[in-house]
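Q: next one to model:
(chains A and B)
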Amino acid sequence: MNLIRLIQGDTQPEVDLRRTYDAIVIGSGAAGGMAAHVLTSHGMKVLMLEAGKKLDLDKELKSTEWPYQHPRRGEMPPGHHALSLNEYTIRQPPYAADSAFTKVYSYVQGWNGADYSKDIVVDEKDHPYTGTSYAWVRARCLGGKTNIWGRLALRLSDYDFKAKSRDGYGEDWPIAYQDIEPYYDRVDQYLGISGVKEHLPYLPDSIFQRPTKLASAELALRNSLKKMNRVLTPYRAGVTTDGLKHNKYRRRCFGRGACNRRVGGCDIHAAFDSPTGLIYPAMDTGNLTLRTNAIAREILVDKNTGKARGVSFVDAESGRAYEAQAKVVVLAASTLESARLMLLSKSGAHPNGIGNSSGHVGHNFCEHVMGPGVTALVKDRVGQPRTIDDGRPGGFYIPRFRNLSDRNANFIRGYGFEGSAGSTMFPNRAKETQGFGATYKKTVRDRAGAYISMGGFGEVLARYENHVDLDPVRKDKWGIPVLRFSYGFGDNEKKMCEDMANAAQEMFEGAGFEIVNVDRKVLTEGWSIHELGTARMGTNKKTSVVNQFQQSHDVKNLFVVDGSSHVSASCQNPTWTIMALAWRSSEYLTTELMKGNL
Amino acid sequence: MAANADLDLSRRELIKLGAAATVGASIGIGESLDAQSSASAGASAAGRAFFTPGELALVDELSELIIPTDDHSPGARAANVAAFIDARLAEAWEEQERTDWREGLRTIEQLSHEATGKPFMQSSADERLAILTRMAQNEGKPQKPEEIFFARLKSRVVQTYYTSEIGIKQEMEYKGNSYLTEFVGFDVS
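A: Reported below is the predicted structural model:
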């Protein structure tokens, strides 16, 4: 039935399996979306394969719906279950095996308003994995995790790219900041980012749109930190706060504050998401064909040349298998899924999996460690009139301060803090406040806007032994072998986390705040949802998987443009870097294809 | 796909949702009907009951003792907290949840009988307060069954009250979830 068809893509051509596309892009998140944008803008004919379905996100997210307008105040229906921290730590994956619940989701669905995102994240029952504890959050739908990402959009610097040269650990990246800087600029301008220039060599500024403002306690902390030569800056949000004249699918941020109330997501698309930011505009060029519900099963190889010739995929609903052909394959399925697909793609030419002559695919797996943090009461805010403190995409960011000019005795690398202060829709610490009756009610009311809290994100060192491989037995719903984790934090992370908690407490005390809670617990591996590094870049073919343009050392027409190519995790959130690198590599790909080099 | 009879309904939905929805409206009518039917399923679930009338009255009274009406705003009773908890328990996936609540309420009646020889609802305001105070005494580290039940009860009451319209708008005077032309707060320079 042909009714109203305003969502982009419904009138797109069907995938043509007899045709050879210029490129197949596997995955539609930040990396795949960016590859599709750059390649189609250069006139290349691109087929995008997305394993999940296309959702009408405006209908899913309902960002401005009040809790009491929802029959369950935003909770998921009975029988839907979100994994808890305990389940991740006490048990081993597959976590949903033998569960009595009808649907089991990763921990992010335990947050408020999870009913709005239950179609975005995967059902763990269909998507098992094995091995060591790991909270693996996946979103199989058009746009992937960009539909609910945290939006903190940071640049890396040569403190990160050249970290080995500074402290001797691991490997330097095969690029320097000056190589990626122009692409960060383009990402800023094409997608929009909010923030304030701070002129820090270790956290380069972006080309910022209108910044958010600070709550009064945040400003007090900023001023206090200056004495310690540390910086608190307004949240650098991958959100367009001034609007984007070149993008008709997105609108500027109106500070509705929906972004932090639920799992996330922005139904006016002020926050970047891959569909409205990259994929719909790419479709408007007429050069992009989208195939959703297409689970890539194997990268197909030409027996004579050893090069990639296409992708076989399984329809998620019918289970039927198909093959699509292309001159170039661009892998952007997310750090862990990309590694899985490379390992699945075994052939005579590539017996260990495509692009894996080094044996490094799945290895050097790294991410961010989190958990330690602090909450305090700001006494002069108690009993003050209510202010709007959550009408913005985020609170504040404190960039790293360890191992910059000094050298910490206990650990290498660094960590940063994300935090916020002030009023939120659900009163802060209402459940933790003791007692009952009129006194309880007044205490909650008076203090709700007077708390400030922050939590750290630290660099997990890339280690060869931290890896994933294919489970020899277990398969997913579609009969595809699943990942097996052999991964854990090490001594450096543990010592860093101890310092994180102490430093957080010290900074809050220095600002005159009254500490109410110091969290020292390190959360389960995977919790940051920043997994990186399973197909790292490098110049040495024996110890890296792709070159500085994310091109496979082994297979010239295979590119791996997502977070799997990152050489080290840094402590900055990775999305902006993923997109800047994907932009740079996609330009290189275009040039090389035109020259006939692929 | 949807029958023609559903067309008008969907159009009304679209109009109601306004401009934001029409920009990205509609993969198909089926979706919006699904949303409709799940909302009405939720509404009918909200009407389903687990508590007996006596239990419902008891939970209603307990909720009001935890978050009472004061000179600032109405309390948990006015916000229909007990009825919401009842509906959630009626549809709860795990039988254990219902069992825990029923036993918890029974424990309160036992405490009341031991203390006053009367059911909780027939004891005086001071007597009720004394029982609740006893239940709440080890809130940080509940040990006894009545202490554990207090934690369960309070968590549900607090969650439900502060997500109600009364809780959000009257009690907390929450000003967000609105369209702002400028961000609120302090500039940094």
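Q: rest of the way, CA atoms for contacts and neighbours
A: Will do.
Q: residue A:296 belongs to a strand?
A: Yes: Residue A:296: assigned to a strand according to DSSP: H, G, I helix; E, B strand; the rest coil.
Q: so is the closest residue to it other than its chain neighbours in a helix, a strand, or just coil?
A: Nearest residue to residue A:296 in three dimensions, chain neighbours excluded: residue A:313, at 4.2 Å (Cα to Cα, 6 or more residues apart in numbering or on different chains). Per three-state DSSP, the secondary structure class of residue A:313 is strand.
Q: start to end distance for stretch A:471-479?
A: Terminal residues of stretch A:471-479 are spaced 12 Å apart (Cα to Cα, to the nearest Å).
Q: show me the contacts for residue A:174.
A: Residue A:174 sits next to A:161, A:537-539, A:547-548 when contact means Cα atoms under 8 Å, 6 or more residues apart in numbering or on different chains.
Q: right, I mislabeled it, should have said residue A:531
A: Taking Cα under 8 Å, 6+ apart as the criterion, residue A:531 is in contact with A:335-336, A:365-368, A:563-564.
Q: these in strands, which ones?
A: Counting by DSSP state E, the part of the contacts of residue A:531 found in strands is residue A:368.
Q: nearest to chain B, of the contacts of residue A:531?
A: Closest to chain B out of these is residue A:368 (28.4 Å), distances taken as Cα to the nearest Cα.
Q: OK, contacts around that closest one?
A: A:457-460, A:526, A:528, A:530-531, A:569, A:571.
Q: show me what contacts the residue nearest to residue A:296?
A: With Cα under 8 Å, 6+ apart, residue A:313 has these contacts: A:294-298, A:321-324.
Q: ok, residue A:428 - how many residues close by?
A: Around residue A:428 there are 20 other residues, counting by other Cα atoms under 10 Å in any protein chain shown.
Q: setting the sequence-adjacent residues aside, check what's closest to it.
A: Spatial nearest neighbour of residue A:428, chain neighbours left out: residue A:448 (5.0 Å); criterion: Cα to Cα, 6+ apart.
Q: does the one you found touch residue A:425 like I think?
A: No: between residue A:448 and residue A:425 there is no contact under Cα atoms under 8 Å: 9.5 Å.
Q: who's in contact with residue A:429?
A: Contact analysis of residue A:429 by Cα under 8 Å, 6+ apart lists A:444, A:448.
Q: for chain B, what are the nearby residues on the stretch 301-450 of chain A?
A: A:386-392, A:423-427, A:430-431, A:434-438, A:440-441, A:445 (Cα under 8 Å from any Cα of the partner chain).
Q: and which of the contacts of residue A:174 is nearest chain B?
A: Distances from chain B to the contacts of residue A:174, taken by Cα to the nearest Cα, are shortest for residue A:161, at 29.2 Å.
Q: list the contacts of the residue nearest to that closest one when sequence neighbours are not counted.
A: Leaving aside its chain neighbours, residue A:161 sits nearest to residue A:173 (5.1 Å; criterion: Cα to Cα, 6+ apart). Each residue near residue A:173 by Cα under 8 Å, 6+ apart is listed here: A:161-162, A:537-538, A:548, A:566-568.
Q: residue boundaries of the helices in chain B?
A: Ranges of helices in chain B, per DSSP state H, are B:7-17, B:19-23, B:29-47, B:53-66, B:81-91, B:95-116, B:125-135, B:145-161, B:165.
Q: helices of chain A, residue ranges please.
A: With DSSP H as the criterion, chain A has helices at A:30-41, A:57-61, A:85-90, A:158-161, A:163-167, A:177-191, A:216-226, A:274, A:280-284, A:335-344, A:437-447, A:491-510, A:575-594.
Q: ok so, going back, what bridges to the residue nearest to residue A:296?
A: residue A:296, residue A:322 (DSSP bridges).
Q: neighbours around the residue nearest to residue A:140 when sequence neighbours are not counted, how many?
A: In this structure, residue A:140 finds its nearest non-sequential neighbour in residue A:52, 4.4 Å apart by Cα to Cα, 6+ apart. Using other Cα under 10 Å, residue A:52 has 25 neighbouring residues.
Q: can you pull the contacts of residue A:52?
A: When contacts are counted by Cα under 8 Å, 6+ apart, residue A:52 touches A:140-142, A:292-295, A:316.
Q: distance of residue A:24 from chain B?
A: According to Cα to the nearest Cα, to the nearest Å, residue A:24 stands 25 Å off from chain B.
Q: out of the contacts of residue A:174, who's nearest residue A:214?
A: residue A:161 (30.7 Å; Cα to Cα).
Q: what pLDDT is listed against that closest one?
A: Looking at residue A:161, its pLDDT reads 98.
Q: kindly report the same for residue B:40.
A: On pLDDT, residue B:40 comes in at 35.
Q: count of neighbours near residue B:98?
A: Neighbours around residue B:98, by other Cα under 10 Å: 19.
Q: from what I can see it touches residue B:89, true?
A: Yes: the criterion here is Cα under 8 Å, and residue B:98 meets it with residue B:89 at 6.0 Å.
Q: roughly how far does the residue nearest to the spatial centre of chain B sit from chain A?
A: Centroid-nearest residue in chain B: residue B:160, 3.0 Å away (criterion: Cα atoms, centre = their mean). In this view, residue B:160 and chain A are 8 Å apart by Cα to the nearest Cα.
Q: which of the contacts of residue A:52 are buried?
A: A:140-142, A:292-295, A:316 (16 or more other Cα atoms under 10 Å in any protein chain shown).
Q: now the residue nearest to the centre of chain B. Nearest residue, chain neighbours left out?
A: With Cα to Cα, 6+ apart as the criterion, residue B:160 has its nearest non-adjacent residue at 5.9 Å, and that residue is residue B:81.
Q: how about low-confidence regions in chain A?
A: Within chain A, the stretches with pLDDT under 70 are A:1-13.
Q: gap between the residue in chain A sticking out farthest from the centre and residue B:130?
A: No residue in chain A sits farther from the centre than residue A:438, which is 43.2 Å out by Cα atoms, centre = their mean. From residue A:438 across to residue B:130, the span is 15 Å (Cα to Cα).
Q: thinking again about what came up before, deepest in the core, which of the helices of chain A is it.
A: helix A:30-41 (a mean of 29; mean count of other Cα atoms under 10 Å in any protein chain shown).
Q: now that one, how far from the chain's geometric center?
A: Centroid separation between helix A:30-41 and its chain, computed with Cα atoms, centre = their mean, to the nearest Å, is 17 Å.
Q: and if you look at stretch A:45-65?
A: Using Cα atoms, centre = their mean, the offset of stretch A:45-65 from its chain centre is 16 Å.
Q: so for it, what gets flagged as buried?
A: The neighbour-count check on stretch A:45-65 (16+ other Cα under 10 Å) flags A:45-64 as buried.
Q: which of those residues fall in strands?
A: Reading strands off these with DSSP E, I get A:46-49.
Q: next, format those residues as JSON lines and append distance to chain B.
A: Below are those laid out as JSON lines (distance: Cα to the nearest Cα, whole Å):
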{"residue": "A:46", "distance to chain B": "23"}
{"residue": "A:47", "distance to chain B": "21"}
{"residue": "A:48", "distance to chain B": "19"}
{"residue": "A:49", "distance to chain B": "19"}
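Q: tell me where the model's unsure across chain B.
A: Under the criterion pLDDT under 70, the flagged ranges of chain B are B:1-47.
Q: what ranges do the strands span in the stretch 101-250 of chain A?
A: Taking DSSP state E, counting those that start in this stretch, the strands of the stretch 101-250 of chain A run over residues A:103-105, A:130-131, A:233-234.
Q: tell me which of those strands sits most buried.
A: Highest mean neighbour count of these: strand A:233-234, a mean of 26 (counted as mean count of other Cα under 10 Å).
Q: that strand: what's the following helix or strand?
A: helix A:274 (DSSP states H and E).
Q: touching chain B at all, that next one?
A: No: counting by Cα under 8 Å from any Cα, chain B has no neighbours in helix A:274; the shortest distance is 14.7 Å.
Q: which neighbouring elements make contact with that helix?
A: Under the contact criterion of 3 or more Cα pairs under 8 Å, 6 or more residues apart in numbering or on different chains; DSSP states H and E, helix A:274 touches helix A:30-41.
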